[in-house]
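A.B. asks: I would like to see how this sequence folds:
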Amino acid sequence: MELKKSRNAIITGATSGIGFAIAREFLERGHNVFICGRKEERLTNALNNLITDFGNKHIAGSVCDVRSLSAVEKMIAIAGERFGKIDCLINNAGIGFVTTFEDITPDQWQDIINTNLTGVFNCCHAALPWLKKAGNSDIVNLGSRAGRYSFAGGTGYNATKFGLQGFTEALFLDLHPYGIRVSLVAPGTVMTDLTSSKPQDWYLAPKDIAKVIGDIITTDSGATVNWVEIRPARPQ
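C.D. replies: Numbering: from 1, shown residues only. Below you'll find the model as predicted:
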């Protein structure tokens, strides 16, 4: 089997943190990158930063709230028109909070479910025709070690990440007949805005996660990296 070469990738939640690091990693490897995020100002800043370093030939993006299927469908259509083919979807967009169950509001619950779970469904659903048409495609979902290990105050976040792991494994079984690989990357604590606690020097860096995902999508096309957990060198 040949190693996969240049890819046309959509990366959600890519205006900062892990998503932005993935975009940089992919561009450094010669892939085409389409990024999205909820806020126009942050998207513009991210695009400008990437274009400054890599030029605009391989980069595009649009504002998109993954909680809305219609918004996702529009974003996917723009990406498809821009690059002509979509063969890689990185579902990175996500939110998190640490709150005891009795203090979680219904609005917080709906927001985290709609972003971290429904948002992934929306993106996979809208991109599926493109991924099937391209063949030898990849979906990589950003999970968490919180998808296997619960923590106090994590009722909302744990629920979405446990759910995402099950979704990813079942999706792999549904889509492998079409030549679509589905992977889940589950990091420990990463140095991003998602972390509410004071940063520690042992936290993972976004680029650590980006490198792993860059390796996954260029793996021999006969192999699927179904699930990978990334822990900091210093135990949590």
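
A.B. asks: contacts and neighbour counts: CA atoms only from here.
C.D. replies: Will do.

A.B. asks: Give me the phi and psi for the closest residue to Ile22 other than its chain neighbours.
C.D. replies: Computed as CA to CA, 6 or more residues apart in numbering, the closest residue to Ile22 that is not its neighbour in sequence is Ala210, at 4.4 Å. Per-residue torsions, Ala210: phi -60, psi -40 (degrees, to the nearest 10).

A.B. asks: ok, Ala210 - how many residues close by?
C.D. replies: 20 (other CA atoms under 10 Å).

A.B. asks: can you map out the helices along this structure?
C.D. replies: 17-28, 40-54, 69-83, 106-113, 119-134, 155-175, 206-217 (DSSP state H).

A.B. asks: so how far is stretch 99-116 off the chain centroid?
C.D. replies: On the basis of CA atoms, centre = their mean, to the nearest Å, stretch 99-116 sits 20 Å off its chain's mean C-alpha point.

A.B. asks: ugh, typo on my part, it should be stretch 64-81
C.D. replies: Distance, centroid of stretch 64-81 to centroid of chain: 15 Å (CA atoms, centre = their mean).

A.B. asks: Looking at the helices of the chain, which is nearest to Leu184?
C.D. replies: helix 155-175 (6.5 Å; CA to CA).

A.B. asks: could you check the angle helix 119-134 makes with that closest one?
C.D. replies: Put simply, helix 155-175 runs at 20 degrees to helix 119-134, going by axes from the mean of the first three to the mean of the last three CA atoms, to 10 degrees.

A.B. asks: Could you export helix 155-175 as PDB, keeping only the C-alpha atoms?
C.D. replies: This file holds the C-alpha atoms of helix 155-175, laid out as PDB (Å, rounded to 0.1, in the frame of the first residue of the first chain):
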ATOM      1  CA  THR A 155     -20.100  15.400  34.300                       C
ATOM      2  CA  GLY A 156     -20.600  17.400  31.200                       C
ATOM      3  CA  TYR A 157     -17.100  17.100  29.700                       C
ATOM      4  CA  ASN A 158     -16.800  13.400  30.500                       C
ATOM      5  CA  ALA A 159     -20.200  12.600  29.000                       C
ATOM      6  CA  THR A 160     -19.200  14.100  25.700                       C
ATOM      7  CA  LYS A 161     -15.800  12.600  25.500                       C
ATOM      8  CA  PHE A 162     -17.000   9.100  26.600                       C
ATOM      9  CA  GLY A 163     -19.700   9.500  23.900                       C
ATOM     10  CA  LEU A 164     -17.200  10.600  21.300                       C
ATOM     11  CA  GLN A 165     -15.100   7.500  21.800                       C
ATOM     12  CA  GLY A 166     -18.100   5.200  21.300                       C
ATOM     13  CA  PHE A 167     -19.200   7.300  18.300                       C
ATOM     14  CA  THR A 168     -15.800   7.100  16.700                       C
ATOM     15  CA  GLU A 169     -15.400   3.400  17.100                       C
ATOM     16  CA  ALA A 170     -18.900   2.700  15.700                       C
ATOM     17  CA  LEU A 171     -18.300   5.200  12.800                       C
ATOM     18  CA  PHE A 172     -15.100   3.300  11.900                       C
ATOM     19  CA  LEU A 173     -17.200   0.100  11.500                       C
ATOM     20  CA  ASP A 174     -19.800   1.800   9.400                       C
ATOM     21  CA  LEU A 175     -17.400   3.700   7.100                       C
END
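
A.B. asks: Thanks again, I'm all set now.
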